[in-house]
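K.L.:
Generate coordinates for the sequence data below:
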Amino acid sequence: MTVDLEEAHHAATLSAEWVNKQRRVLATTSRNLDMFNQHSVTATFFVLGTVVEQHPDLICRIFSTGHELASHGWAHHRLSDQPPKEFKTDVSRAKAALEQVP
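P.N.:
Purely as a prediction, here's the structure:
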């Protein structure tokens, strides 16, 4: 099982109008974690660095309940729109954020 953990406005295909919409990542991920636990399911959560920064306790819960953490960058920019140096900075920043979570 894999989970792409981000808010709707992070999707590269959506317009900026989504930025002010209700945040749901905390509530929906908590429900999913409860359901996964109930059915003994483990998953890999691909987490954006911005989500790690905003919800470190959620990231701790994901990891402490036996799931794997991975990342696909800081802010979900399209790879094809990023020069290599910018991509490296984006991924490094996300990695550093994950490493700071206790």
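
K.L.:
okay but residue 56 is in contact with residue 99, surely?
P.N.:
No - with contact defined as CB atoms under 8 Å, residue 56 does not reach residue 99; the gap is 11.6 Å. Bear in mind the C-beta positions are built from the backbone N, C-alpha and C, glycine included.

K.L.:
Could you check which of the two is surrounded by more residues?
P.N.:
residue 56 (15 against 8; other CB atoms under 10 Å).

K.L.:
Ramachandran angles for residue 37?
P.N.:
Backbone geometry at residue 37, expressed as degrees, to the nearest 10, gives phi -60, psi -40.

K.L.:
so where's this structure shaky on pLDDT?
P.N.:
Low-confidence segments of the chain, defined by pLDDT under 70: 8-23.

K.L.:
so where do the strands sit in it?
P.N.:
For the chain, applying DSSP state E gives strands covering 2-5, 44-47, 68-71.

K.L.:
which other residues reach the biggest helix by length in the chain?
P.N.:
In the chain, with assignment by DSSP state H, the single longest helix is helix 84-100. With contact meaning CB atoms under 8 Å, 6 or more residues apart in numbering, helix 84-100 is reached by 47-49, 52-53, 56, 59, 69, 71-75, 77, 79, 82.

K.L.:
Same question for stretch 51-70.
P.N.:
5-7, 10, 25-26, 29-30, 33, 36-37, 42-47, 71, 94, 97-98, 100-102.

K.L.:
Emit the ChimeraX select command for whichever of those are buried.
P.N.:
To isolate the buried ones among the contacts of stretch 51-70 in ChimeraX, judged by 16 or more other CB atoms under 10 Å, type:
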select :5,6,7,10,25,29,33,36,43,45,46,47,71,94,97,98,101
